[in-house]
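Q: How does the following fold in three dimensions:
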Amino acid sequence: MTTDTRQAMALLFDRTAKTYDALGVDFFSVFARELLDRAGLVPGERVLDVGCGRGAVLFPAAELVGADGSVLGIDLSAEMIERTAKDIEDRGANASVSLMDAQEPTLPDASFDVLLASFVVFFLPDPVAALRSWHRVLRPGGRLGVTTFGADDPRWAAVREVFKPFVPPELAWTLAIRAGLFSSVEGFGQAVESAGFTGVTSEERVCPVKFADPGHWIDWSWSQGQRMFWELVPEDRLDAVRQAVLAELEPLREPDGSVVLAQTVRYTLAHRA
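A: Sure thing, here's the model as predicted:
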């Protein structure tokens, strides 16, 4: 991923920030809660939330560490940071946010007890280098908790195929976030170990994600990272692509009209020795 592409990604998430995780879909908050359960935060801990978005991890983490702890969220999207900062103020939460690159946070060594990264590491240009920088900011004995995606729901393969013709070669990596070191529990575990972490464990869980109807999924996809694929479609083709997606989702409808995505998520935990 080039510097220009990274900036484009930041601007993409700027455009999603208003409706990000706000369209009635149990997604980011569900996986954040399980990550937090597995990380085992305790009162008084200092937590870094990498790629904090609109605070799916940040706000419940702040509740868990309490007034004696602290939570800092960082994100490359200025709009995400601005809106989440306002949410922090409105809620009176014990948290803060800062505009910062998750690839190499400009933070002091050994300054956090726990680092959490929910659905972010596969967006980074050099994931292993990022893991090394995360290792650096954790204190000895500090804990890492990461979520990544597992295998795609095969029933939705045809939907993904609709967008492939519009993805240029320089963005081919966006179709491969489950490939390479992310393709298996073992492969990602080895990457985490290579960054200096010990006691690496990973577990995959499949969670049903429900959308009221096919149109609801389309609206939701515009509100998060998948918006990228819609924006690659020429404006004069958007309606045709929308209709093609609806046609592929129609056979997946449940008796109540909803569609359900079987989302596989990998939870990886590790320690800094």
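Q: Pretty sure residue 245 sits against residue 161.
A: No: with contact defined as Cβ atoms under 8 Å, residue 245 does not count as touching residue 161 (10.3 Å). Backbone N, C-alpha and C define where each C-beta goes, glycine included.
Q: For those two, work out which one has more neighbours and name it.
A: In terms of neighbours (other Cβ atoms under 10 Å), residue 245 is the more surrounded of residue 245 and residue 161; the figures are 21 against 11.
Q: Tell me which residues of the helix or strand where the more buried one lies come out buried.
A: Secondary structure assigned from DSSP states H and E places residue 245 in helix 238-249. Residues of helix 238-249 classed as buried: 241-242, 244-245, 248-249 (neighbour count, 16 or more other Cβ atoms under 10 Å).
Q: what stretches of the stretch 1-150 of the chain score poorly on pLDDT?
A: Counting by pLDDT under 70, the stretch 1-150 of the chain has low-confidence residues at 1-4.
Q: what about the helices in it?
A: Counting by DSSP state H, counting those that start in this stretch, the stretch 1-150 of the chain has these helices, from start to end: 3-16, 28-39, 58-65, 78-91, 127-137.
Q: I'd like to know which elements the second one is packed against.
A: Judged by 3 or more Cβ pairs under 8 Å, 6 or more residues apart in numbering; DSSP states H and E, helix 28-39 is in contact with helix 58-65, strand 112-118, strand 138-149, strand 197-211, strand 259-272.
Q: how far out from the middle of the chain is the shortest one?
A: What separates the centre of strand 112-118 from the centre of its chain is 13 Å, taken as Cα atoms, centre = their mean, to the nearest Å.
Q: Over to the fourth one?
A: Distance, stretch centre to chain centre, for strand 197-211: 13 Å (Cα atoms, centre = their mean).
Q: swap in the third one?
A: Its chain's average C-alpha position is 15 Å from that of strand 138-149, according to Cα atoms, centre = their mean.
Q: For that strand, which outside residues touch it?
A: Applying Cβ atoms under 8 Å, 6 or more residues apart in numbering, the contact partners of strand 138-149 are 31, 35-36, 38-40, 110-119, 121-122, 131, 134-135, 177-178, 182, 188, 192, 197, 263-273.
Q: try the fourth one
A: Contacts of strand 197-211 from elsewhere in the structure, counted by Cβ under 8 Å, 6+ apart, are 25-27, 30-31, 34, 131, 135, 144, 150, 185, 188-189, 192-193, 217, 220, 258-273.
Q: Kindly give a single ChimeraX line that selects the buried subset of the residues you listed.
A: Only the buried members of the contacts of strand 197-211 enter the following ChimeraX selection, criterion being 16+ other Cβ under 10 Å:
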select :25,27,31,34,131,135,144,150,185,188,189,192,217,220,259,260,261,263,264,265,266,267,268,269,270,271,272
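Q: Give me the neighbour count for residue 255.
A: Other residues within reach of residue 255, judged by other Cβ under 10 Å, total 5.
Q: Now do the same for it: helix, strand or coil?
A: When the structure is reduced to helix, strand and coil (DSSP: H, G, I helix; E, B strand; the rest coil), residue 255 reads as coil.
Q: Just list the residues touching it, thanks.
A: Residue 255 touches nothing, counting by Cβ under 8 Å, 6+ apart.
Q: Repeat that for residue 62.
A: Applying Cβ under 8 Å, 6+ apart, we find residue 62 in contact with 69, 71, 93-95.
Q: In strands, which of those appear?
A: Those of the contacts of residue 62 mapping onto strands are residue 71, per DSSP state E.
Q: from the contacts of residue 62, which would you call buried?
A: 69, 71, 93-95.
Q: Of all pairs in these, which one is the farthest apart?
A: Greatest spacing in those, by Cβ to Cβ: 69 and 93 (11.7 Å).
Q: show me what contacts the residue positioned nearest the centre of the chain?
A: Central residue check for the chain by Cα atoms, centre = their mean: the C-alpha nearest the mean position is that of residue 119, 2.3 Å away. For residue 119, the contacting residues are 28, 31, 51, 147-149, taking Cβ under 8 Å, 6+ apart as the criterion.
Q: out of those residues, who has the most neighbours?
A: Among the contacts of residue 119, residue 148 has the most neighbours (other Cβ under 10 Å), with 24 neighbours.
Q: what bridges to that residue?
A: Partner residues in beta bridges with residue 148: residue 266, with DSSP bridges as the criterion.
Q: That concludes my questions; thank you for your assistance.
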